[in-house]
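Trainee: structure of the sequence below:
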Amino acid sequence: MKVSFHRPTVSSRALHLVADCVNADWITSGGMTERLEAMVRELTGARHAIAVNSATTGMMLVAKWFGPNVNVPRCSVPALGGHFAANAMVLAGFKYVDLIDCDASDLCTHFCSGDFHVTMDYGGRACDASPPCYRFRLCDSAYSLGGIGRDGKPIGTQADAHVFSLQATKQITCGEGGIVTTEIDELAVWLKRARCHGMDADAHTRTGHGYDIVQPGGAFMLPDILAAVAVSQMETAEERRQKRLDIRLEYERAVPKRSVKSGMDDAHGLHVLRIPGTGDGKICSNRDGFIRLMENRGVACKVHYPAIYSLTAWKHLERGDSPNAEKAAAEVVSLPLFSDLRDEEVEYVCKSAKETLAELEE
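Mentor: Take a look at the predicted model:
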């Protein structure tokens, strides 16, 4: 049997909604995108939800808006998996990037002191995104749409801005896309203009033939055709979240000592195991061996994530005090987790994981 790491869910409902867009007079960002934004506002309780063409774009635009208000050249990003945020911050104009260590247990990156700080939920588990005394708090909530924060409220309102990914492997996806949620009216207005060339009105709502460019912007819209796929998944979001929870519980029963435990209220975007090194100085040898042996058994696994300073573009960064991130980056491996996994596939992944761990321990 072969089990891929992810299979996209494109239902007949999604195809119907896409066909509606194709047959309409408007196929770029318009009514279907607004429908998706309204669904995200309802799910998260956020005052504003702004759809863009990727989560990285969302982070970059938020940082671009806030940068002049901060008036400092530095920002802080997660040492584990913070490369996406770092890309966005540098593109937004920050000259220096500092690193924050992740939590040793849940692998989330929580807020620390600083003027502009990017934290990260991990695999659908909410970070601590709401402490006071920071000038601006941006949360990379890539896998967290539909999860519950540590304050008992849906993820999306705890920080000044949250950015959710709609990329292909996420639990709510349209192939590529992102959603920014915020309570800040001025930021929401600026983002809506910035994603559409800085125009004073969205192209599908303005009247007459004229328009004004009132701020810098670009073509960062999410097309209705892609939004339609995400809308179809949002309609069954809780049912699909529950299915991923059920799969994670099966994985935890199969390999309890190696699983990063799930919380019942998580969004359940990833199921992560930690495979310690061999103690011979080759700290990734057991984890990489696990991935290789699982691949031999037909099961695809991934790493979430490398330490940012191990990547070519970010090797110049000072590691600082990030022992948890360094250890996690050498140990973590993600099992297949998506709502369309069949029961026999889940059973096979569990069996393969147990056999592989036993083989490594021989």
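Trainee: what sits against Thr143?
Mentor: Check again: residue 143 is Tyr, not Thr. Asp121, Tyr122, Gly123, Gly124, Ser165, Lys170, Gln171, Ala267, Gly269, Leu270 (C-beta atoms under 8 Å, 6 or more residues apart in numbering). (Glycine included, C-beta is placed from N, CA and C.)
Trainee: cutoff 7 Å now
Mentor: Asp121, Gly123, Gly124, Lys170, Gln171, Ala267, Gly269, Leu270 (C-beta atoms under 7 Å, 6 or more residues apart in numbering).
Trainee: nearest residue to it in space, please, no chain neighbours.
Mentor: Across the structure, with C-beta to C-beta, 6 or more residues apart in numbering as the measure, the residue nearest Tyr143 apart from its sequence neighbours is Gly269 (2.7 Å).
Trainee: can you check the pLDDT for the residue nearest in space to the middle of the chain?
Mentor: Closest residue to the average C-alpha location of the chain: Ala142 at 1.2 Å, with C-alpha atoms, centre = their mean. Among the per-residue scores, Ala142 holds a pLDDT of 86.
Trainee: my guess is it contacts Ser165, does it?
Mentor: Yes. Taking contact to mean C-beta atoms under 7 Å, the distance of 4.0 Å between Ala142 and Ser165 places them in contact.
Trainee: okay, and the common contacts of those two?
Mentor: In the contact map built from C-beta under 7 Å, 6+ apart, the residues linked to both Ala142 and Ser165 are Ala55.
Trainee: before we move on, back to that, OK, contacts around the residue nearest to Tyr143?
Mentor: When contacts are counted by C-beta under 7 Å, 6+ apart, Gly269 touches Gly123, Gly124, Tyr143, Ser144, Lys170, Gln171.
Trainee: that one looks like it's in a helix, true?
Mentor: No. Counting by DSSP: H, G, I helix; E, B strand; the rest coil, Gly269 falls outside a helix, being coil.
Trainee: quick one: it from Ala51, how far?
Mentor: Using C-beta to C-beta, to the nearest Å, Gly269 is found at 19 Å from Ala51.
Trainee: counting neighbours, what do you get for the nearest residue to Cys127 once chain neighbours are set aside?
Mentor: The spatially closest residue to Cys127, leaving aside those adjacent along the chain, is Cys108, at 3.8 Å (C-beta to C-beta, 6+ apart). By other C-beta atoms under 10 Å, 21 other residues sit near Cys108.
Trainee: surely Cys108 touches Gly123?
Mentor: No. The pair formed by Cys108 and Gly123 falls short of the contact definition of C-beta under 7 Å, at 8.9 Å.
Trainee: just to revisit the earlier point, can I get the buried part of the contacts of Tyr143 as one ChimeraX selection?
Mentor: Only the buried members of those enter the following ChimeraX selection, criterion being 16 or more other C-beta atoms under 10 Å:
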select :121,123,124,170,171,267,269,270
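Trainee: got TSV for the contacts of Tyr143, with distance to Glu359 and pLDDT too?
Mentor: Rendered in TSV, the data for those read as follows (distance: C-beta to C-beta, whole Å; pLDDT from 0 to 100):
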residue	distance to Glu359	pLDDT
Asp121	33	91
Gly123	26	91
Gly124	29	90
Lys170	32	92
Gln171	31	89
Ala267	32	92
Gly269	28	93
Leu270	24	95
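Trainee: low-confidence ranges in this structure?
Mentor: In the predicted model, the chain carries pLDDT under 70 at residues 68-72, 111-115, 130-135, 278-284.
Trainee: domains of it?
Mentor: For the chain, whose domains are defined here by automatic domain parsing, the residue ranges read 12-234, 237-360.
Trainee: residues in contact with Leu61?
Mentor: Going by C-beta under 7 Å, 6+ apart, the list of residues near Leu61 reads Val52, Leu191, Ala194, Phe220.
Trainee: quick one, phi/psi of the first one?
Mentor: This means Val52. Geometry field for Val52 lists phi and psi as phi -130, psi 180, criterion degrees, to the nearest 10.
Trainee: neighbours around it, how many?
Mentor: Neighbour number of Val52 under other C-beta under 10 Å is 27.
Trainee: surely it is in contact with Phe220?
Mentor: Yes. With the criterion set as C-beta under 7 Å, Val52 and Phe220 qualify as a contacting pair; they are 4.9 Å apart.
Trainee: which residues do the two both contact?
Mentor: Leu61, Arg195.
Trainee: where do the strands sit along the protein?
Mentor: Using DSSP state E, the strands assigned to the chain run over residues 48-52, 74-78, 96-100, 117-120, 137-140, 161-165, 178-182, 271-274, 332-335.
Trainee: beta partners for Tyr122?
Mentor: Each beta-bridge partner of Tyr122 is listed here, defined by DSSP bridges: Arg125.
Trainee: all helices of the stretch 1-150 of the chain, in order?
Mentor: Counting by DSSP state H, counting those that start in this stretch, residue ranges of the helices within the stretch 1-150 of the chain are 12-23, 31-44, 55-70, 83-92.
Trainee: I should have written the stretch 201-350 of the chain there, sorry.
Mentor: Residue ranges of the helices in the stretch 201-350 of the chain, as given by DSSP H, counting those that start in this stretch, are 224-234, 237-254, 285-296, 323-331, 343-360.
Trainee: of the ones you listed, flag the one that's most buried.
Mentor: Per-stretch averages of neighbours, counted by mean count of other C-beta atoms under 10 Å, single out helix 224-234 among these, with a mean of 25.
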